[in-house]
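**Q** Structure for this input, please:
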Amino acid sequence: MNEKLISGIIALIIIALIIIFILVIVMVAKNKPKAKHVHITINEDSKAIDIEDLISIVSDKESTKEDIFKAAQYFIKNFKIPPKLDGKAPPESKIYLRFIALVAAHKNSDAKIIAYIDNEIKKSNSKYGSEIDKYERNGIARRTRF
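**A** Numbering: from 1, shown residues only. Now for the predicted structure:
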């Protein structure tokens, strides 16, 4: 009888430890801080937004169609791709072209946003027509993988 009592107590202790372990895991999982969603607001007063901020907006899978459009408008209004040197795009231009590709690749971009950014950027950066088209095509091709 003593052995059965000791076995029963050990079994209860093991079951209690398992329950406590599961409760601790559940509590830790509930209290785990969620990844912060960085959201940059673009409005008329936004003066401190740089190209990296715009890239973070169009890279974020949670950005809405409106976020993408506002980022595109801000880009067109406030940025110009650096001029070509001896007919070649300087290395600094890659980040601006990457922005175009990311807009085209984003799941919430539509044909109107892509056409808008294409037309407006080509107006102020006419020498980059082929590069803009190339990055836009690459972005559209990546849409299924974004």
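
**Q** State which helix of this structure is the longest.
**A** helix 2-31 (DSSP state H).

**Q** Quick one: residues in contact with the helix or strand following it.
**A** Using DSSP states H and E, the next helix or strand after helix 2-31 towards the C-terminus is helix 51-59. Contacts to helix 51-59, defined as CB atoms under 8 Å, 6 or more residues apart in numbering, come from residues 38, 40, 42, 63, 67-68, 71, 74-75, 79, 95-96, 98-99, 102-103, 106. (Glycine included, C-beta is placed from N, CA and C.)

**Q** now helix 51-59: how far from the chain's centre is it?
**A** 8 Å (CA atoms, centre = their mean, to the nearest Å).

**Q** Could you list every helix and strand that whatever helix or strand comes next after that helix packs against?
**A** For helix 51-59, the following helix or strand on the C-terminal side (DSSP H and E) is helix 65-78. Judged by 3 or more CB pairs under 8 Å, 6 or more residues apart in numbering; DSSP states H and E, the packing partners of helix 65-78 are helix 51-59, helix 93-105, helix 111-124.

**Q** which helices and strands sit right next to the last one?
**A** Okay, so that is helix 111-124. Using 3+ CB pairs under 8 Å, 6+ apart: helix 111-124 touches helix 65-78, helix 93-105, helix 129-142.

**Q** Reformat those helices as TSV; add mean neighbour count, mean pLDDT and distance to residue 18.
**A** Shown next, in TSV, are these (neighbours: other CB atoms under 10 Å; pLDDT from 0 to 100; distance: least, CB to CB, whole Å):
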stretch	mean neighbour count	mean pLDDT	distance to residue 18
helix 65-78	18	92	46
helix 93-105	21	94	47
helix 129-142	16	91	47
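
**Q** can you list those helices in JSON lines and add distance to residue 2?
**A** Converted to JSON lines, the helices and strands packed on helix 111-124 look like this (distance: least, CB to CB, whole Å):
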{"stretch": "helix 65-78", "distance to residue 2": "71"}
{"stretch": "helix 93-105", "distance to residue 2": "72"}
{"stretch": "helix 129-142", "distance to residue 2": "71"}
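
**Q** gap between the residue nearest the centre of the chain and residue 71?
**A** Centrality entry for the chain: nearest residue to the mean C-alpha point is residue 60, 1.8 Å, by CA atoms, centre = their mean. Note on residue 60: its distance to residue 71, by CB to CB, to the nearest Å, is 10 Å.
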